[in-house]
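3D, please:
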Amino acid sequence: MIDYSTTQTLIESMVSERIVPGVNYAFIKGKQTFTSTIGFAIIYPKVTQLSPFAEYDLASLTKVLATENVLLKLYDQGKINFTEPLHSFIPEFKDERIRLYHLLTHTSGIRGWIPHRDKLSHDQLINAIIHLPVTDEFEKKMRYADTNFVLLGLVIKKIFGEPVQEVAAKEVFNPMGLKHTTFHPKKADCVPTAIINGHVLQGIPHDPKARQLGSDCGSAGLFSTMDDLIAIGKGYLGLNQHILPYSQDTVSKLYENKNLPGIKPRSWGWDLRFDPQYHYPIILHTGYTGTLIILDRLKKSGLVLLTNRVHPTGHNLVFLAARERIIQSFLKENDN
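Presented below is the predicted three-dimensional model:
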């Protein structure tokens, strides 16, 4: 019996308190799955009811579901082991200390700030990113940054000779049979996000870098549905041992802290939380648009939360506090 009643109340209260227009959410517990859809997909310029089959802009979930999964497939095949220098794939990046695992764990120390970034062309932005300096935070601090996964996307392009998003579709999503996990969604199927220059973004990534870099963006740009994300989640939980494009042995390595002592815990790509009672790792990732996945492989349980918290505006800090309460509540109820 699935019982996350407190967490469920917190999720649904985000709609009643108008923190988000609508929400699709799912609890997974062993062979059971509970899903629910409440609220609206659109509140401007007109109000439209939310569908359980809506496609969401996943934002930073792209990092772990697309870019990282291509790399994990290569790792599983013995073709890379993440100790390779970034410089060996991108010679223009001169600091030879940076290894792929530094990018995966956000411990590269690469400065993420680029002046006038949103005004740059595709080529200008790529050039700026591959020439970013490494700060003294290298191997001393976990600082989450999109640039780490943009660089990993460029590594994938170097390996395959194709943009990361095209590679992810061919190597990950198509073999998995995910028909609604795509970088090219139909506008009508998508939940809209923010209003930019008077136009509602719908079926177009909210992240400016994803719009600038297009198929070369390894940090954002992916869209998906609740059903597809449940299917993916079951792969990470070991409930479906064949859906992911790599072995369950490789999946199990995600549930480990890859960072040195004294640095905030992080796995490859995934953030980590810990079971309140037994302190084993649970993987988690969020997306700026209001998305969240939490997965506990030991208890075969998880939460998938999809909201459009940036519709009609991205200035929604109340959501961040509500999301953290939901995470803490899930971890507590999951421990029962």
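
partners of the residue lying closest to M1 once chain neighbours are set aside in the sheet?
Of all residues not flanking M1 in the chain, Q32 sits nearest, at 7.6 Å (C-beta to C-beta, 6 or more residues apart in numbering). Using the backbone N, CA and C atoms, a C-beta is placed for each residue, glycine as well. For Q32, the beta-bridge partners are K29 (DSSP bridges).

local confidence estimate at G112?
On pLDDT, G112 comes in at 83.

what's the closest non-adjacent residue to it?
Leaving aside its sequence neighbours, G112 sits nearest to A145 (C-beta to C-beta, 6+ apart; 4.0 Å).

so the one you found touches H106, yeah?
Yes - counting by C-beta atoms under 8 Å, A145 does reach H106; the two are 6.1 Å apart.

I figured T307 hits I38, correct?
No - counting by C-beta under 8 Å, T307 does not reach I38; the two are 10.5 Å apart.

before we move on, the earlier item: show the pLDDT at the residue nearest to G112.
pLDDT, read off for A145, is 97.

what's the neighbour count on it?
19 (other C-beta atoms under 10 Å).

gap between it and K29?
34 Å (C-beta to C-beta, to the nearest Å).

residue closest to the middle of this protein?
Nearest to the mean C-alpha position of the chain, by C-alpha atoms, centre = their mean, lies L61 at 1.2 Å.

contact partners for that one?
Contact analysis of L61 by C-beta atoms under 8 Å, 6 or more residues apart in numbering lists 222, 224, 285-287, 291, 293.

now with 6 Å?
285, 287, 291 (C-beta atoms under 6 Å, 6 or more residues apart in numbering).

check P205 too.
Going by C-beta under 6 Å, 6+ apart, P205 touches 57, 211, 220-221.

of those residues - the most surrounded one?
Counting neighbours by other C-beta under 10 Å, the top entry in the contacts of P205 is D57, with 34 neighbours.

my read: it touches T291, true?
No - using C-beta atoms under 6 Å, D57 is not in contact with T291, being 8.0 Å away.

for the closest residue to F183 other than its chain neighbours, give its distance to H184.
Spatial nearest neighbour of F183, chain neighbours left out: Q165 (4.6 Å); criterion: C-beta to C-beta, 6+ apart. Counting by C-beta to C-beta, the separation of Q165 from H184 is 9 Å.

more neighbours: which of the two?
Neighbour tally, Q165 and H184, criterion other C-beta under 10 Å: the higher count belongs to Q165, 27 against 10.

and that one, that's in a strand?
No - using DSSP: H, G, I helix; E, B strand; the rest coil, the assignment for Q165 is helix, not a strand.

I'd assumed S215 was in contact with it.
Yes - with contact defined as C-beta under 6 Å, Q165 counts as touching S215 (4.2 Å).

separation between N240 and A54?
Separation of N240 from A54 (C-beta to C-beta): 23 Å.

look at these two and report which has more neighbours.
More neighbours surround A54 than the other of N240 and A54, with 21 against 16 (other C-beta under 10 Å).

not including adjacent chain positions, what is the nearest residue to the more buried one?
With sequence-adjacent residues excluded and distances taken as C-beta to C-beta, 6+ apart, A54 is closest to V191, at 4.8 Å.

can you check the pLDDT for that neighbour?
97.

in what helix or strand does A41 lie?
strand 32-42 (DSSP states H and E).

in that strand, what counts as buried?
Going by neighbour count (16 or more other C-beta atoms under 10 Å), the buried part of strand 32-42 is 33, 37-42.

would you map the helices across the stretch 1-150 of the chain?
Using DSSP state H, counting those that start in this stretch, the helices of the stretch 1-150 of the chain run over 5-16, 61-62, 68-76, 100-104, 122-130, 146-160.

CA atoms of the helix or strand hosting K209 as PDB?
Assigned by DSSP H and E, K209 falls within helix 208-213. Output of helix 208-213 as PDB, limited to C-alpha atoms (Å, rounded to 0.1, in the frame of the first residue of the first chain):
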ATOM      1  CA  PRO A 208      18.400  30.600 -22.700                       C
ATOM      2  CA  LYS A 209      21.500  28.500 -23.200                       C
ATOM      3  CA  ALA A 210      19.400  25.700 -24.600                       C
ATOM      4  CA  ARG A 211      17.800  28.100 -27.100                       C
ATOM      5  CA  GLN A 212      21.200  29.500 -28.000                       C
ATOM      6  CA  LEU A 213      23.100  26.200 -28.300                       C
END
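
run a quick neighbour tally on the closest residue to T37 other than its chain neighbours.
Among residues not flanking T37 along the chain, P52 sits closest, at 4.2 Å (C-beta to C-beta, 6+ apart). A count of neighbours around P52, defined by other C-beta under 10 Å, yields 12.

from L61, how far out is P52?
In terms of C-beta to C-beta, P52 sits 18 Å off from L61.

before we move on, back to that, now the strand holding A41, how far from the centre of its chain.
In terms of C-alpha atoms, centre = their mean, to the nearest Å, the centre of strand 32-42 is set 20 Å apart from its chain centre.

that'll do, ta.
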